[in-house]
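Novice: Okay, sequence plus prediction incoming.
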Amino acid sequence: MKGKKDKVTLLEACKLLEKSKRTVSRYIKNGWLKPERIESERGTLEYRFNRADLVKFKKPGKTEDRTEQTRPEGDIVALLKEQLKVKDKQINELIERSRETNILLKGLQNQLLLTGDKKENKEDREAKEDKKGQGINDFFKKLFKR
């Protein structure tokens, strides 16, 4: 029966640590406390803490150890480097898409300019012919006005 008395529920752990359920849950989430997860008779998840671990955890001066356990700088640096690689890859893909878009837009602009030149040439010719005709007509009108 020694094992039964050494196991503590979440509420008992809160009382022992003098912390709220939310704080103890945060400790579990951060990996500072590692309880045994047990399925109750109702099918819900319950935590069972080792009393010795809780007493050891409660001792003053342990906060430094906790942060070192959960957040070693090497792991954080490795995680950040991995994230940078992913972001660099995404940035390069976006730059490539932007370049492809610019190439497509340039092609469309060239097509518009080619079709626009043809229309302008036709309009220019018609306008020139109209001007020539008007010039000749104006000349004859002036000549025969007298």
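Specialist: Right, received. Where do you want to start?
Novice: Buried ones in stretch 20-30, by neighbour count?
Specialist: 24, 27, 28 (16 or more other CB atoms under 10 Å). Heads up, the C-betas are built off the backbone N, CA and C, glycines and all.
Novice: Go ahead and measure how far it is from the middle of the chain.
Specialist: How far stretch 20-30 lies from its chain's middle: 28 Å, per CA atoms, centre = their mean, to the nearest Å.
Novice: For the remainder of this discussion, apply numbering that starts at 285.
Specialist: With the count now opening at 285, the last piece we talked about shows up as stretch 304-314.
Novice: What is the least confident helix or strand in the chain?
Specialist: For the chain, using mean pLDDT, DSSP states H and E, the weakest element among its helices and strands is helix 347-354, scoring a mean of 51.
Novice: May I see the buried residues of stretch 304-314 organised as JSON lines, with pLDDT, secondary structure and distance to residue 320 added?
Specialist: Converted to JSON lines, the buried residues of stretch 304-314 look like this (pLDDT from 0 to 100; DSSP: H, G, I helix; E, B strand; the rest coil; distance: CB to CB, whole Å):
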{"residue": "308", "pLDDT": "89", "secondary structure": "helix", "distance to residue 320": "14"}
{"residue": "311", "pLDDT": "88", "secondary structure": "helix", "distance to residue 320": "15"}
{"residue": "312", "pLDDT": "88", "secondary structure": "helix", "distance to residue 320": "11"}
